[in-house]
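In: Fold the following, please.
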Amino acid sequence: PLEVEARKGKQLFVMLGGLRVKVKLSDISQVIEPPGKVEVRRTPTGRARLGGKAKGRARTAIRLETNTVDLRGMRVSEVGDKLAHAVDRALEFGTLYVVHGRGTGSMRSHVREVLADEPLVERYEDAPEEEGGSGCTIAYLK
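Out: Okay, here's the model as predicted:
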């Protein structure tokens, strides 16, 4: 997940690794509030910082094209390499959104088996219902 530092007009300023990066709002597909109570703190320079009771600083997960992989319409046998590549690509964001659709649940089961065996994945869960529910798995990366 990325930490959102500030919003200025049609841009967000986020922390990516140790870098402060400008992201256009039009490039963001989703912003998710971190779990638990979130408080806004000001730094000595007046910048707003999100804080909370999470380990270290609370972070806001932002869904971008680069940390989302869409597997709908694919066969279970076709997703292994694509999913591994998506995990590598999403490492810098800390979150991977895997859109697999609802269907019979076989793709969801396979995706979760692959994610469970992936050493870079800390945990995974269904997306909230308004973001796809059981048709989308959110993987939190180390």
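
In: Enumerate the positions of stretch 125-142 that are buried.
Out: Residues of stretch 125-142 classed as buried by neighbour count (16 or more other CB atoms under 10 Å): Ala127, Glu131, Gly132, Gly135, Cys136, Thr137, Ile138, Ala139, Leu141. Yep, even glycine has a C-beta here, placed from its N, CA and C like the rest.

In: Over to stretch 4-24?
Out: Buried, per 16+ other CB under 10 Å, within stretch 4-24: Val4, Glu5, Gln11, Leu12, Phe13, Val14, Val23.

In: any idea of the pLDDT on the closest residue to Thr68 other than its chain neighbours?
Out: Distances taken as CB to CB, 6 or more residues apart in numbering put Tyr97 closest to Thr68, at 4.3 Å, once the chain neighbours are dropped. Looking at Tyr97, its pLDDT is 92.

In: Equivalent analysis for the one 3 residues further on, please.
Out: You'll see His100 listed with a pLDDT of 93.

In: Show me the strands in this protein, by range?
Out: For the chain, applying DSSP state E gives strands covering 3-8, 11-16, 19-24, 28-32, 38-42, 48-52, 61-64, 68-70, 95-99, 121-126, 136-141.

In: May I see those organised as CSV, with distance to Arg108 added?
Out: Listed next are the strands of the chain as CSV, based on distance: least, CB to CB, whole Å:
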stretch, distance to Arg108
strand 3-8, 29
strand 11-16, 29
strand 19-24, 29
strand 28-32, 19
strand 38-42, 30
strand 48-52, 30
strand 61-64, 18
strand 68-70, 14
strand 95-99, 9
strand 121-126, 9
strand 136-141, 7
